[in-house]
Every structure is written in C-alpha cells, then in structure tokens.
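S.K.: pasting the sequence and the predicted coordinates here, then a few questions.
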Amino acid sequence: EIFLIAQGTSIPESNLSLRDSLLVQIEATPDGFVMKSGYIDEESFGITLNEAYIDFLTSLRDRYTSLSRKLKTLSSYELAILDKLRMLLE
C-alpha cells in the first residue's frame, strides 16, 4: 500500500518538519508493519501501523543528524541521501 506523509508533518523531538509530502510504501508482515521510502533509502518497523509511522519519522531525524555530523567522511551515496534529506526537511 502507498501512503502519503503530508507536507508540514512534524518530526518527533526536533524542530524539523517535512518541507514536501513524501510517498512511502507500507507492508503488513506477520510481525507488524514495515514503512519504507526508496527515495531516501529509509525504512522502519512497528508492531502497529502507528509505531511504524513514528519510527519512520524518528529514523529520518536520526539519519539526518548522523549524516550531518560526519559530513567529511561520507561516501557519494551517503552525500546523495543527505542532500535529499536536506531538501525534504526544514
């Protein structure tokens, strides 16, 4: 199933929000739900759909922070992901 995370969605425990909407794919598994985005190569898991959603938003924050801190040592792939996150988050 495809799900749209709306523009302006707040990222938990940060001052960040989505600058643009983001399409994600949701998959039900026997153990819960997986939410993922090929655009930014990110995925999350939760026993409930809400847990997967919150985990996904939190993962965006954590990845953005982590990549930003080690900017000088990033591979070209990681730099591309960071650029996409910078365009996505405000």
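M.R.: Looks like it came in fine. Residues are numbered from 1 along each chain as shown.
S.K.: contact partners for E27?
M.R.: Each residue near E27 by CB atoms under 8 Å, 6 or more residues apart in numbering is listed here: 1, 33-34, 36. Just so you know, the C-beta spots here come from the backbone N, C-alpha and C atoms, and that holds for glycine as well.
S.K.: so for stretch 81-90, what gets flagged as buried?
M.R.: 81-82, 84-85, 88-89 (16 or more other CB atoms under 10 Å).
S.K.: for the helix ranked longest in the chain, packing partners?
M.R.: In the chain, assigned by DSSP state H, the helix with the most residues is helix 49-69. In terms of contacts (3 or more CB pairs under 8 Å, 6 or more residues apart in numbering; DSSP states H and E), helix 49-69 is packed against strand 2-5, strand 22-29, strand 32-37, strand 42-46, helix 76-88.
S.K.: rebuild those as TSV, extending it with distance to L67 and mean pLDDT.
M.R.: Shown next, in TSV, are the helices and strands packed on helix 49-69 (distance: least, CB to CB, whole Å; pLDDT from 0 to 100):
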stretch	distance to L67	mean pLDDT
strand 2-5	20	96
strand 22-29	17	97
strand 32-37	15	98
strand 42-46	11	97
helix 76-88	4	97
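S.K.: of all those, which lies closest to S68?
M.R.: Nearest to S68 among the helices and strands packed on helix 49-69 is helix 76-88 (6.8 Å), distances taken as CB to CB.
S.K.: identify the residues contacting the residue lying farthest from the centre of the chain.
M.R.: Distance to the chain centre peaks in the chain at P30, reaching 22.6 Å (criterion: CA atoms, centre = their mean). P30 makes no contacts at all, as judged by CB under 8 Å, 6+ apart.
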